[in-house]
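Visitor: here's a sequence, model it:
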Amino acid sequence: METSNVFDSGRQVEIQLRSAEGTRTVKVRFPTDEEWIERQRRRKIVIKQFGRGVSETTIPNAEEVDAALFRKIRIDEGDEVDAYEASRIIEQLSQAEVDDVVPEAGAFRVLVRVPGGTTVHVLCMPSAKDVIEYRRGFARILDLPFNRQELTVNLAAAGALYQKLCQTTEGYAGAVPIIHQAVAVKAAIDALEAGFEEREGNS
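Guide: Sure, this is the predicted structure:
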C-alpha cells in the first residue's frame, strides 16, 4: 500500500496484490465512516463455548461482507478480485494498532500506528458513566443454541464517545476515520481501567 507521512482518508489508495501469477495493482478509495459501521454490523462474530474455559471465535460471513465493501470502494476496472483477496485489502485498509498510551493531566495521549505513519489522539479520561454507556451501545450479544453466542459490534458507539472525549489529533489531513476512533477509545478505556486495577492492588 502506498504511504505518506499524514493519513488522508480522501486520497486514492493503491494496493499491491501478489500471487503466483504475478503482482497486480488495485486502486480503491478509503471507506466512509458509514461503510465501516455497516461492515462491522454485518460481520456476525460467533463464539462457541466448549467448556473448561475453551471457546472458538469465528466470523462465518467475513469474506462475503468484505467483498461487498470492496466492490463499493474500487475505483479502477482491473482484473477480477475474489472474496479472499478483497478481504485482505479491507484488512489492510482497517489497520490501526496502538503503539503507546501516555497519561496526561486528566487525559490520555494515544499513539496509533496506521498506514503511512503514527497518529496522535489526546482524549479526556472517560467517566464511569461514559464507559458503561459505551459498552452498552458497542456490543450486542445473542444467545444461540448449542452453547453459541452471536456478537454484533456497533462502531457508531465508539465514534460518539470519541467525539465527546477528543481534545486534539495529529497526523491527519482531514477527519479521523471511525475505524481509528474506535481503536483510540478502546485504548483510553483499557489504560484507565489498568490504572484503577493497579491502584486497587497497591491499596
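Visitor: and V110, what does it touch?
Guide: 98, 100-101, 120-123, 184, 187-188 (CB atoms under 8 Å, 6 or more residues apart in numbering). No exception for glycine: its C-beta is placed from N, CA and C like everyone else's.
Visitor: secondary structure class for the residue nearest the centre of the chain?
Guide: Central residue of the chain (CA atoms, centre = their mean): I179, 4.0 Å from the mean position. What DSSP: H, G, I helix; E, B strand; the rest coil gives for I179 is helix.
Visitor: tell me the pLDDT of it.
Guide: pLDDT for I179: 97.
Visitor: that one contacts W36, correct?
Guide: Yes. The criterion here is CB atoms under 8 Å, and I179 meets it with W36 at 5.0 Å.
Visitor: quick one: E85 and N154, what's the gap?
Guide: 28 Å (CB to CB, to the nearest Å).
Visitor: comparing those two, which residue is more hemmed in?
Guide: Just comparing E85 and N154: by other CB atoms under 10 Å the higher neighbour count belongs to E85, 20 against 17.
Visitor: I'd say that one and L17 touch.
Guide: Yes. The pair E85 / L17 is scored as a contact, 5.8 Å apart, by CB under 8 Å.
Visitor: packing partners for the helix or strand bottoming out on mean pLDDT in the chain?
Guide: Sorting the helices and strands of the chain by mean pLDDT, DSSP states H and E puts helix 178-202 at the bottom, at a mean of 82. Judged by 3 or more CB pairs under 8 Å, 6 or more residues apart in numbering; DSSP states H and E, helix 178-202 is in contact with helix 33-42, strand 97-104, strand 107-114, strand 117-124, helix 128-138, helix 155-165.
Visitor: contact partners of it?
Guide: For helix 178-202, the surrounding residues in contact (CB under 8 Å, 6+ apart) are 7, 31, 33, 36-37, 94, 96-98, 101, 103, 108, 110, 112, 114, 119, 121, 123, 125-126, 131, 134, 155-156, 158-159, 161-163, 165-166.
Visitor: quick one: low-confidence parts of this structure?
Guide: 1-4, 196-203 (pLDDT under 70).
Visitor: need the overlap of contacts for I179 and W36.
Guide: Common contacts of I179 and W36 (CB under 8 Å, 6+ apart): 94, 155.
Visitor: circling back: nearest to L144, out of the helices and strands packed on helix 178-202?
Guide: Ranking these by proximity to L144 (CB to CB) places helix 33-42 first, at 17.1 Å.
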